[in-house]
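any chance you can model this:
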Amino acid sequence: MILQAIPSISTNEWYFTLIPLSIMVSLGMLKEAISDLKRFLADKKVNGAPTNKVLSRSDPSSSFDGIEAKWPIMTITTQQVKVGDILAIKDD
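As a prediction, this is how the structure comes out:
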């Protein structure tokens, strides 16, 4: 496009290059926008999926009745998972 804007070396008018170039750039931007939207919707679906968090003794919502108590499990969404959480993973 820059070379076509220089009259001494141009083979045709500058707008004959600008129009197809702007169409191609616009189509590329549209393709990326659609791809980002699909990725956003997939991430939203995954972040809303339920998972099981094992509550620890330091967790305020846990209730231990003694040393032999079972580890309580709480169902949360994957969006609520934080670094250091222990998750109960089941096969299938």
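
need the contact list for the spatially most central residue of the chain.
By C-alpha atoms, centre = their mean, the chain has its centre lying nearest to residue 43, at 4.7 Å. Residue 43 makes contact with no residue, according to C-beta atoms under 8 Å, 6 or more residues apart in numbering. From N, CA and C alone the C-beta is placed, and that goes for glycine too.

tell me the secondary structure at it.
helix (DSSP: H, G, I helix; E, B strand; the rest coil).

ok, now residue 10?
Taking three-state DSSP, the label given to residue 10 is coil.

for it, what are its contacts?
Residue 10 is in contact with 3, 4, counting by C-beta under 8 Å, 6+ apart.

and the pLDDT for it?
Listed pLDDT for residue 10 reads 80.

and what of residue 30?
98.

ok, the one 4 residues further on next?
Confidence per residue is given as pLDDT, and for residue 34 that number is 98.
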